[in-house]
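*Asks:* Next input, structure requested:
(one chain, ligands or ions: 1)
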Amino acid sequence: MESKVLPVIQGDYTLKDYDQMVKNFSWEDVEKEFSWHETGLINIAHEAVDRHASSYRKNKVALYYKDASRKEAYTYNEMKRMSNKAANVLLNHSTLQKGDRFFIFMPRSPELYFALLGALKMGVIVGPLFEAFMEGAVYDRLSDSEAKAIITTPELLDRIPLDRLPHLETVFLVGDSIEESDKFVDFNKKMKDASMHFEVEWLDRESPTVLHYTSGSTGKPKGVLHVQEAMVQQLQTTRWVLDLHDEDIFWCTADPGWVTGTAYGVFGPMLAGATSVIVGGRFSIDTWYEAIQDYGVTVWYSAPTAFRMLMGAGVGPMEKYDLSSLRHILSVGEPLNPEVIRWGMDVFKMRIHDTWWMTETGAQTICNFACLPIKLGSMGKPVPGIEAAIVDDQGNVLPPNRMGNLAIKKGWPAMMRQIWNNPEKYESYFMNDEWYVSGDSAYMDEDGYFFFQGRVDDVIMTSGERVGPFEVESKLLEHPAIVEAGVIGKPDPVRGEIIKAFVALHEGYEPTEELEDDIKQFVKKELSAHAAPREIEFKDKLPKTRSGKIMRRVLKAWELNLPAGDLSTMED
Ligand code: 6R9
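*Replies:* I've put the predicted structure just below:
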């Protein structure tokens, strides 16, 4: 693995010629596949479920579900029935109507997916939450969106401050021996009796579907609203990027509380009529490898943090399982360190394909495609139909190899349409009414590959040079002692900022002064003197979001003794 470019490896690839596709592609051609292109009658749950239930895919498994206590499978026809039942339960036992907000706050289970699809069949806006949210996080989201109903479990109920949420009329509970009242409805009991027929609400392409709250570095979380039309891009990227075919078994490891868990945990694969695996419960190395083996997973979409944990565990646990069904692996959420890609080449004999996108983009936008060579450290090229560029702070497009704001030309199908309750915030994302500015800093090389540098706020200025934390972190990860690294700029009277690294060590390594020196020398020698950390702090664990992102602003706040801002998305 000397070369920095990984060539294409043989495979079964939908997108065979990237350049050709970029030239000839139009989103309208994808739209034509959906009957709503002519009729104007749209419902994403119809397209994802019912359409297949009345096709040759009727008895095909849509969803395999597994956790510590359940192992189930649902065909497209069964998904249609269960989501119809869920829609009837929501309709008959609450005042929810088209456009109202309905939240999901529970661990992964088949019921979660029935409720999600059922609500969408009614034209209700769904707000998915991580089950680990505490009371403050739940309150902020439910009150901002004036949610009318929620589905949860009895265990989570005391994190919903009912007395402070006057709009919240109905609580659907999933669990045993539920005591019902005006407010509380036993979801499973009602499911048993509900009709399996439901007439979906027909909507237009701009009708809202899901509301994902994401947190920025300052202020309260923002409600990012997606619309029906997003399905066009979700379907097409599922083909081009995930490369899903009818016979594939697809596993997206993300929770629906994160946009990845809805866009590619539900919509993409179901719009494509594929078979998905869902594994409930917490991350565990054995459970994960076992899921790949037992279901024969062929396409696997996960995140760098999970890959790093698997990598850290070594080949021991892996050798117990047959992982030979895998043919395509992808990553999202954080920069994919070259070290992780090398590990993938080593143990899976496959490239791991990085994909860059955001809650706000609603679907994948910059990706490594199976048909293209991969440049280590790059997140790839724009999805055909997406125009991406690096712009300066005035919105001028910068030439190749200049670091700047990663931006996307406004108007792609899955683009967010609103920040809930906050039109000024929404407008602030767009520059000159032309570019959506992501808040990420990146550069594009002369071949059109994009390289992530960090959040704009995270870029470090040291002795007059801009250093992206990702590059330093990736180098640190190549050191044999380090399993995880987070890098920040620490204010310094002489250099402006100096580089400080927080690192977690592999088992068997002790934090010593020798090791600290060795790490500094390693980065100095392998990367550059100016990018080498001047300070290193050893940590058992780094602060991360529930979607696995290292929270550099928390590291910075620790370092400077400042308030860390909104921590609702931080893992325990
Ligand atoms: C899908 C998702 C968005 C932010 C984004 C960026 C980071 C995501 C990345 C990546 C480097 C990648 N990010 N994918 N950074 N390489 N392949 O993650 O959405 O939770 O809204 O986060 O995540 O900083 O701006 P979201």
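
*Asks:* Residue 15 and the ligand, how far apart?
*Replies:* As defined by C-beta to the nearest ligand atom, to the nearest Å, residue 15 lies at a distance of 18 Å from the ligand. Every residue, glycine included, has its C-beta placed from N, CA and C.

*Asks:* repeat for residue 327
*Replies:* 21 Å.

*Asks:* excluding its backbone neighbours, what's nearest that residue?
*Replies:* residue 298 (5.1 Å; C-beta to C-beta, 6 or more residues apart in numbering).

*Asks:* swap in residue 492?
*Replies:* With sequence-adjacent residues excluded and distances taken as C-beta to C-beta, 6+ apart, residue 492 is closest to residue 498, at 4.4 Å.

*Asks:* helix or strand for that neighbour, which one?
*Replies:* strand 496-505 (DSSP states H and E).

*Asks:* And residue 342, by the same measure?
*Replies:* Under the criterion of DSSP H and E, residue 342 resides in helix 338-347.

*Asks:* Past that helix, which element shows up next along the chain?
*Replies:* Reading on from helix 338-347 to the C-terminus, the next helix or strand found by DSSP H and E is strand 352-356.

*Asks:* what's the spacing between whichever residue of the stretch 401-550 of the chain sits closest to the ligand and residue 107?
*Replies:* Residue nearest to the ligand within the stretch 401-550 of the chain: residue 452 (4.0 Å; C-beta to the nearest ligand atom). Distance of residue 452 to residue 107, given as C-beta to C-beta, to the nearest Å: 32 Å.

*Asks:* The closest residue to the ligand within the stretch 51-200 of the chain - how many residues pack around it?
*Replies:* Closest approach of the stretch 51-200 of the chain to the ligand (C-beta to the nearest ligand atom) occurs at residue 130, with a separation of 11.5 Å. Applying other C-beta atoms under 10 Å, we find 21 residues neighbouring residue 130.

*Asks:* In contact with it, which residues?
*Replies:* Residues near residue 130 by C-beta atoms under 8 Å, 6 or more residues apart in numbering: 255, 257-258, 546, 569.

*Asks:* which among those residues end up buried?
*Replies:* Neighbour-count burial (16 or more other C-beta atoms under 10 Å) is assigned, among those, to 255, 257-258, 546, 569.

*Asks:* so where's this protein shaky on pLDDT?
*Replies:* Where the chain drops to pLDDT under 70, the residues are 1-3, 10, 216-219.

*Asks:* Around the ligand, pick out the residues from it.
*Replies:* By C-beta under 6 Å from any ligand atom, the part of the chain that sits against the ligand consists of 214, 258-260, 332-335, 354-359, 379, 438-440, 452, 455, 547, 549.

*Asks:* Just the buried residues of those.
*Replies:* 214, 258-260, 332-335, 354-359, 379, 438, 440, 452, 455, 547, 549.

*Asks:* related to what we said a few turns ago, looking at the contacts of residue 130, spot the one nearest the ligand.
*Replies:* Comparing the contacts of residue 130 against the ligand with C-beta to the nearest ligand atom picks out residue 258 as the nearest, at 5.9 Å.

*Asks:* Give the closest residue to the closest one in space, chain neighbours not counted.
*Replies:* Excluding the flanking residues, the one nearest residue 258 by C-beta to C-beta, 6+ apart is residue 547, at 4.3 Å.

*Asks:* Can you tell me how far the residue in the stretch 251-400 of the chain that the ligand sits nearest to is from residue 213?
*Replies:* The stretch 251-400 of the chain approaches the ligand most closely through residue 359 (3.4 Å), counting by C-beta to the nearest ligand atom. As for residue 359, its distance to residue 213 is 9 Å (criterion: C-beta to C-beta).

*Asks:* tell me which strands and helices the helix or strand where residue 118 lies is in contact with?
*Replies:* Using DSSP H and E, residue 118 sits in helix 110-121. Where contact means 3 or more C-beta pairs under 8 Å, 6 or more residues apart in numbering; DSSP states H and E, helix 110-121 is packed against helix 44-45, strand 61-66, helix 76-92, strand 101-105, strand 125-128, strand 149-152, helix 187-193.

*Asks:* Of these, flag the one that's most buried.
*Replies:* helix 44-45 (a mean of 28; mean count of other C-beta atoms under 10 Å).

*Asks:* Name the surrounding residues that touch that one.
*Replies:* Counting by C-beta under 8 Å, 6+ apart, 83, 117-118, 120-121, 200, 209, 228, 230-231, 267, 271 sit against helix 44-45.

*Asks:* One more: stretch 168-186?
*Replies:* So stretch 168-186 is in contact with 89-90, 93-96, 106, 109, 111, 115, 142, 147-155, 157, 160, 162, 187-189, going by C-beta under 8 Å, 6+ apart.

*Asks:* quick one: contacts for residue 481?
*Replies:* Contact analysis of residue 481 by C-beta under 8 Å, 6+ apart lists 505-506, 509, 515, 518-519.

*Asks:* let me redo that: residue 235
*Replies:* Taking C-beta under 8 Å, 6+ apart, we find residue 235 in contact with 30, 33, 268, 271-272.

*Asks:* Put together JSON lines for these, with neighbour count on each row.
*Replies:* Below are the contacts of residue 235 laid out as JSON lines (neighbours: other C-beta atoms under 10 Å):
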{"residue": "30", "neighbour count": "18"}
{"residue": "33", "neighbour count": "13"}
{"residue": "268", "neighbour count": "30"}
{"residue": "271", "neighbour count": "24"}
{"residue": "272", "neighbour count": "21"}
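
*Asks:* and which of the residues you listed is nearest residue 312?
*Replies:* residue 268 (29.2 Å; C-beta to C-beta).

*Asks:* what helices or strands is the strand or helix carrying residue 514 leaning on?
*Replies:* Under the criterion DSSP H and E, the helix or strand holding residue 514 is helix 513-526. With contacts defined as 3+ C-beta pairs under 8 Å, 6+ apart, helix 513-526 has these neighbours: helix 469-477, strand 535-538.

*Asks:* Okay, buried residues for stretch 487-501 please.
*Replies:* 487-490, 495, 497-501.
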